[in-house]
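Colleague: Following is a predicted model, sequence given first.
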Amino acid sequence: MLGAAAYLRPLPSPSSINIAAAAAATTCCCCCSSSSSCYSNRNRHTNRPNRIRDTNIGFRCLSRGFNSSSSTRQSSIRRWALPGADLKSEAPPEPQPSHSPNSFDSDSDLDTNNKNKSNSSNTFPKRWIIVLLCFSAFLLCNMDRVNMSIAILPMSAEYNWSPATVGLVQSSFFWGYLLTQIAGGIWADTVGGKTVLGFGVIWWSIATALTPVAAKLGLPFLLVVRAFMGIGEGVAMPAMNNILSKWIPVDERSRSLALVYSGMYLGSVTGLAFSPLLIHNYGWPSVFYSFGSLGTVWFALWSSKAYSSPFEDPGLSAEEKHLITTKTSMKEPVTSIPWGLILSKPPVWALIFCHFCHNWGTFILLTWMPTYYNQVLKFNLTESGLLCVLPWLTMAFSANMGGWIADSLISKGLSVTTVRKVMQSIGFLGPAFFLTQLSNVHSPVMAVLCMACSQGTDAFSQSGLYSNHQDIGPRYAGVLLGLSNTAGVMAGVLGTAATGYILQHGSWDDVFKVSVGLYLVGTVIWNLFSTGEKIID
């Protein structure tokens with residue numbers, strides 16, 4: 001059957017069908033006596049591949065039109081449809097058939113193959129299901145993270161906290177977040193990202209739900225629970241980076257990462273929008289209880305749908321598996337980390353330093369902007385939360401737009417190095433410019449607009465430094481992300497705590513000037529030392 005199937009694959013033209021039908025009608029009258037002569041007459045008017053295809057169609061017309069049980073007629077029909085002697089004399093070498101010629105009697109094999117191809121082409125790509133699940137995890141991640149930036153206002157009033165204490169509570173999250181960056185990357189690269197990310201979501205969800213209880217017990221308990229929450233969220237980015245490095249082809253990398261990271265921005269939108277409403281109607285503890293419970297729903301979906309690599313997914317189509325494996329650098333599992341090689345590369349250090357510069361400004365905006373809106377722009381709690389939504393919506397849009405632009409430029413032949421440098425330069429110089437303008441405006445509307453533009457241009461970093469880990473070392477993407485994000489978390493810890501100190505002794509202008517300075521230095525370092533080429537194998 002396999003040998004003949006090679007000729008059966010193209011669909012027959014209408015003319016060939018008519019010829020076959022005519023041949024079938026003639027044969028039904030003479031098949032018992034002159035089938036070979038009929039076949040010989042046809043040989044003079046058709047080429048060989050079309051003959052075989054048409055005779056097969058003619059046979060089907062016969063077999064469907066006549067239901068005779070006569071063994072003589074059936075054997076005659078088969079001799080007409082497959083005249084073995086004539087075919088052997090003319091046929092080129094063919095693969096050995098795995099089925100008998102009688103398999104032509106049924107259309108089931110062809111129908112099944114066509115159905116499978118149709119289902120495969122209509123199925124949503126599994127790799128993008130993985131991306132959407134990672135997106136939803138990061139949505140929850142920032143929902144659970146930013147709720148404290150809203151709840152801290154009534155909490156500080158209830159417990160009579162000073163600005164320095166507020167900064168301590170905000171930064172305690174980063175203590176645990178810092179501890180699990182590199183450890184999470186090593187864990188993900190060795191055991192797989194599915195287990196690590198699943199653990200992280202459950203862990204931080206439990207810590208979120210326990211936050212009100214810890215606050216009532218006292219400040220030390222609250223600091224510990226916030227640090228525990230940071231431990232869970234700390235493994236999320238390395239685990240996600242590990243999974244996508246195995247699932248996503250190079251020419252889809254920027255937009256897939258941009259979509260996942262936009263989940264963080266939309267998580268901020270969701271958290272900042274709903275937290276004030278929950279606090280107003282049910283009190284500040286309701287924010288932590290409701291947000292923390294959502295992690296269990298996500299974990300159930302993750303456990304049933306996700307796999308650490310395409311090779312572990314039994315339901316993945318052969319076509320998609322081939323696409324992924326031919327466009328990713330998938331090798332044997334990592335058993336040891338070449339720390340000496342990694343730390344000897346200047347682009348790695350450029351990535352680490354620029355991650356620090358980026359996160360200093362980003363985490364200050366993430367944790368302190370509701371306070372800025374409330375104290376400087378004089379918005380109440382509900383207005384403060386709703387206005388915080390605009391910058392994060394802008395980031396979600398800009399991140400995905402930047403991802404599509406970056407992948408389009410790469411697919412058109414622009415080098416990955418050039419694309420990464422351009423995108424990250426926008427991600428640094430844009431926020432630096434708009435934060436400078438923020439110091440000079442006095443209208444609340446203009447202040448919010450400057451903040452939105454600052455965050456929107458910042459989001460181009462997702463196609464810059466945040467995509468660079470998979471460029472320079474795809475096998476160690478989790479470790480590289482953990483390494484650079486450790487520096488980023490240190491910026492979050494120092495920047496968040498330092499902001500509280502600066503505000504006690506200075507002004508918001510001083511806070512913004514520090515961020516602008518780091519953005520400018522980061523731009524220079526990135527353009528001097530970064531690369532988009534693979535340097536660690």
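Modeller: Ah, there it is.
Colleague: From here on, just use CA atoms for contacts and neighbour counts.
Modeller: Fine.
Colleague: For Tyr289, list the residues it contacts.
Modeller: When contacts are counted by CA atoms under 8 Å, 6 or more residues apart in numbering, Tyr289 touches Thr208, Ala209, Leu210.
Colleague: Give me the pLDDT for it.
Modeller: The model reports Tyr289 with a pLDDT of 95.
Colleague: Is it within a helix or a strand, and which one?
Modeller: Taking DSSP states H and E as the definition, Tyr289 sits inside helix 285-305.
Colleague: That helix: which residues count as buried?
Modeller: Pro285, Ser286, Val287, Phe288, Tyr289, Ser290, Phe291, Gly292, Gly295, Trp298, Phe299, Trp302 (16 or more other CA atoms under 10 Å).
Colleague: What separation is there between the third one and Leu409?
Modeller: Relative to Leu409, Val287 is positioned 42 Å away (CA to CA, to the nearest Å).
Colleague: Secondary structure class of Pro314, three-state.
Modeller: Three-state assignment for Pro314 (DSSP: H, G, I helix; E, B strand; the rest coil): coil.
Colleague: Give me the contacts around the helix or strand that contains Trp187.
Modeller: Per DSSP H and E, Trp187 falls inside helix 181-191. Contact with helix 181-191 is made by 194-196, 234-236, 238-239, 242, 333-335, 337, 475-483, 485-486, as judged by CA under 8 Å, 6+ apart.
Colleague: low pLDDT regions in the stretch 151-300 of the chain?
Modeller: Across the stretch 151-300 of the chain, nothing is flagged by pLDDT under 70.
Colleague: can you map out the helices along it?
Modeller: All helices of the stretch 151-300 of the chain, identified by DSSP state H, counting those that start in this stretch, fall at 163-179, 181-191, 193-217, 219-234, 236-247, 253-282, 285-305.
Colleague: Pull out the buried residues from the longest one.
Modeller: Along helix 253-282, these residues count as buried under the neighbour rule (16+ other CA under 10 Å): 253-279.
Colleague: go on, the fifth one?
Modeller: If you call a residue buried by 16+ other CA under 10 Å, then helix 236-247 has these buried ones: Ala236, Met237, Pro238, Ala239, Met240, Asn241, Asn242, Ile243, Leu244, Ser245, Lys246, Trp247.
Colleague: Please compute how far that helix lies from its chain's middle.
Modeller: 9 Å (CA atoms, centre = their mean, to the nearest Å).
Colleague: same for that helix, what does it pack against?
Modeller: Where contact means 3 or more CA pairs under 8 Å, 6 or more residues apart in numbering; DSSP states H and E, helix 236-247 is packed against helix 126-159, helix 181-191, helix 193-217, helix 477-505.
Colleague: Could you rerun that using 10 Å?
Modeller: Packing contacts for helix 236-247, counted by 3 or more CA pairs under 10 Å, 6 or more residues apart in numbering; DSSP states H and E, involve helix 126-159, helix 181-191, helix 193-217, helix 253-282, helix 318-327, helix 465-472, helix 477-505.
Colleague: likewise the third one?
Modeller: Taking 3+ CA pairs under 10 Å, 6+ apart as the contact definition, the neighbouring helices and strands of helix 193-217 are helix 126-159, helix 181-191, helix 219-234, helix 236-247, helix 285-305.
Colleague: May I see those organised as JSON lines, with distance to Gln424 added?
Modeller: Shown next, in JSON lines, are the helices and strands packed on helix 193-217 (distance: least, CA to CA, whole Å):
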{"stretch": "helix 126-159", "distance to Gln424": "21"}
{"stretch": "helix 181-191", "distance to Gln424": "22"}
{"stretch": "helix 219-234", "distance to Gln424": "23"}
{"stretch": "helix 236-247", "distance to Gln424": "18"}
{"stretch": "helix 285-305", "distance to Gln424": "32"}
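Colleague: Nearest approach to Ile364 belongs to which of these?
Modeller: Closest approach to Ile364 among these is made by helix 126-159 (10.7 Å; CA to CA).
Colleague: most neighbours, which of the contacts of Tyr289?
Modeller: Counting neighbours by other CA atoms under 10 Å, the top entry in the contacts of Tyr289 is Thr208, with 26 neighbours.
Colleague: mind checking how far that one is from Tyr289?
Modeller: Distance from Thr208 to Tyr289, by CA to CA: 7 Å.
Colleague: Just want the most central residue of this protein.
Modeller: Val131 (2.8 Å; CA atoms, centre = their mean).
Colleague: if I look at that one, how far off is Ile525?
Modeller: 31 Å.
Colleague: quick check: mean pLDDT across the strand or helix carrying Val348?
Modeller: Take DSSP H and E as the rule and Val348 turns out to sit in helix 346-375. Across helix 346-375, pLDDT averages out at 88.
Colleague: how about it: buried residues?
Modeller: 347-371, 373-374.
Colleague: Name the SS class of Asp509, please.
Modeller: With three-state DSSP as the criterion, Asp509 reads helix.
Colleague: now it, nearest residue through space, not along the chain?
Modeller: Ser439 (5.7 Å; CA to CA, 6 or more residues apart in numbering).
Colleague: Touching stretch 503-517 from outside, list them.
Modeller: 162-164, 357-362, 364-365, 372, 376, 428-436, 438-440, 495, 498-502, 519, 522 (CA atoms under 10 Å, 6 or more residues apart in numbering).
Colleague: Now do the helix holding Val348: distance to the chain's middle.
Modeller: Using CA atoms, centre = their mean, the offset of helix 346-375 from its chain centre is 23 Å.
Colleague: how big is the angle separating it from helix 465-472?
Modeller: 160 degrees (axes from the mean of the first three to the mean of the last three CA atoms, to 10 degrees).
Colleague: So what angle separates the directions of helix 346-375 and helix 126-159?
Modeller: 40 degrees.
Colleague: So which elements touch whichever helix or strand comes after helix 346-375?
Modeller: Per DSSP H and E, the first helix or strand lying C-terminal to helix 346-375 is helix 381-411. Packing partners of helix 381-411 (3+ CA pairs under 10 Å, 6+ apart): helix 126-159, helix 253-282, helix 346-375, helix 416-438, helix 444-458.
Colleague: right, so of those, which gets closest to Ser308?
Modeller: helix 126-159 (9.3 Å).
Colleague: What residues sit buried inside that closest one?
Modeller: 126-127, 130-153, 155.
Colleague: now the angle between helix 193-217 and it, please.
Modeller: Using the same axes, to 10 degrees: helix 126-159 against helix 193-217 is 10 degrees.
Colleague: what's the spacing between helix 126-159 and its chain's center?
Modeller: Relative to its chain's centre, helix 126-159 lies at 18 Å (CA atoms, centre = their mean).
Colleague: got the angle between it and helix 236-247?
Modeller: For helix 126-159 against helix 236-247, the angle by the same axes, to 10 degrees is 170 degrees.
Colleague: nearest spatial neighbour of Ile324, skipping sequence neighbours?
Modeller: Nearest non-adjacent residue to Ile324 (CA to CA, 6+ apart): Pro249, at 5.7 Å.
Colleague: again with Leu343
Modeller: That would be Trp349: by CA to CA, 6+ apart, it lies 7.3 Å from Leu343.
Colleague: And Glu320, by the same measure?
Modeller: Glu320 sits nearest to Pro125 (CA to CA, 6+ apart), 7.4 Å away.
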